[in-house]
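Novice: Could you work out the structure for the sequence below:
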Amino acid sequence: MLAFPPDWTFLGQIVLFLVLWAVLRRVLFEPNLDLLANREHNSAGALQEATQIKADAEVKGQEYRTQLAEARSGAMQEVDAVYREAQQQSQELIEQAREESSQTLAQLRQSLESEIADARRDLEQRIPDFSNQIAARLLGRSLT
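Specialist: Reported below is the predicted structural model:
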């Protein structure tokens, strides 16, 4: 039991406890606390670096999306230009084909008219022969 005032062993235990505390603090507690502080500092630095890398990645991603949008816009403009050029060329080809067909049609009409005129002249020249043949068949005898 404890007696009041405590005897010298109690004071010895307090002194031994303080000495043990001082030794343990120097040997065990302070190095561990320093190690934990160092780890926390390194972790905080790594987190800051990760945050910075993430921000840089987002900036690069935004730049990429911007460049991609610009490239798509440029490509669409080029496609539109090619499309307009193709339409213009098709209109020119259609107009050229119309002109050629109208020229060909005019030539065909002219050639047909000349053939018709030649056929009329030939038939007009052969009218007397045809009329003689028709009369000969109707009469049943030759008209010479």
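Novice: and Gln133, how many neighbours does it have?
Specialist: When counting by other CB atoms under 10 Å, one arrives at 13 neighbours for Gln133. Bear in mind the C-beta positions are built from the backbone N, C-alpha and C, glycine included.
Novice: check which helix or strand covers it.
Specialist: If you go by DSSP states H and E, Gln133 is part of helix 30-139.
Novice: Any stretches of this structure with poor pLDDT?
Specialist: Within the chain, the set of residues satisfying pLDDT under 70 comprises 1-6, 144.
Novice: just to revisit the earlier point, how far away from the center of its chain is the helix holding Gln133?
Specialist: For helix 30-139, the gap between its own C-alpha mean and the chain's C-alpha mean amounts to 17 Å (CA atoms, centre = their mean, to the nearest Å).
Novice: Distance of the most centrally placed residue in the chain relative to Leu35?
Specialist: Central residue of the chain (CA atoms, centre = their mean): Arg72, 5.9 Å from the mean position. Separation of Arg72 from Leu35 (CB to CB, to the nearest Å) stands at 54 Å.
Novice: what do you get for Leu139?
Specialist: Taken as CB to CB, the span from Leu139 to Leu35 is 144 Å.
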